[in-house]
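Student: Here is my input, please return the structure:
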Amino acid sequence: MPENYRNYVVVLNSAMHMLMKFGDIQSAERIFRLNKKKDIITYNAIIKGYVGNEMFERALDLFEQIHLNFDSVTYTVV
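Tutor: Numbers count the residues shown, from 1 in each chain. Model (predicted):
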């Protein structure tokens with residue numbers, strides 16, 4: 001991903017969502033780690049990606065680590 005896009009949370013979240021949808025989990029996780037401004041949408045995207053790729057244990061592990069206020073989307077995804 002080009003350097004100038006790395007600070008745009010919306011772009012990073014969209015890229016993670018797309019990568020997870022196509023099963024490229026490693027690339028999505030790399031973007032997740034690079035994202036310094038994670039928000040609830042970031043967590044929802046990666047958790048939904050784990051669930052969509054049948055990685056339920058990883059989804060629950062991450063859900064338990066989040067220190068943000070959950071929204072209805074988070075609960076629906078998990």
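Student: going forward, measure contacts and count neighbours with C-alpha atoms only.
Tutor: Fine.
Student: Show me the residue sitting in the middle of this structure in space.
Tutor: Nearest to the geometric centre of the chain sits Ile46, at 2.2 Å (CA atoms, centre = their mean).
Student: Would you check that it makes contact with Ala15?
Tutor: No: shown here, Ile46 and Ala15 do not form a contact pair, counting by CA atoms under 8 Å, at 10.5 Å.
Student: any shared contact partners between those two?
Tutor: Taking CA atoms under 8 Å, 6 or more residues apart in numbering as the contact rule, Ile46 and Ala15 both touch Ala28.
Student: Let me see the ranges of the helices in this protein.
Tutor: 9-21, 25-34, 40-52, 56-65, 72-77 (DSSP state H).
Student: right, so the ones you listed: which one is the most enclosed?
Tutor: Counting by mean count of other CA atoms under 10 Å, helix 40-52 has the highest mean neighbour count of the helices of the chain, with a mean of 21.
Student: tell me the average confidence for that helix?
Tutor: The average pLDDT for helix 40-52 rounds to 93.
Student: which strands and helices sit next to that helix?
Tutor: Secondary-structure packing of helix 40-52 (3 or more CA pairs under 8 Å, 6 or more residues apart in numbering; DSSP states H and E): helix 9-21, helix 25-34, helix 56-65, helix 72-77.
Student: What distance do you get for Phe56 to Phe63?
Tutor: Taking CA to CA, to the nearest Å as the measure, Phe56 falls 10 Å from Phe63.
Student: before we move on, what about Val51?
Tutor: With distances taken as CA to CA, Val51 is found 11 Å from Phe63.
Student: Can you tell me how far Glu64 is from Ile25?
Tutor: Between Glu64 and Ile25 the distance is 20 Å, computed by CA to CA.
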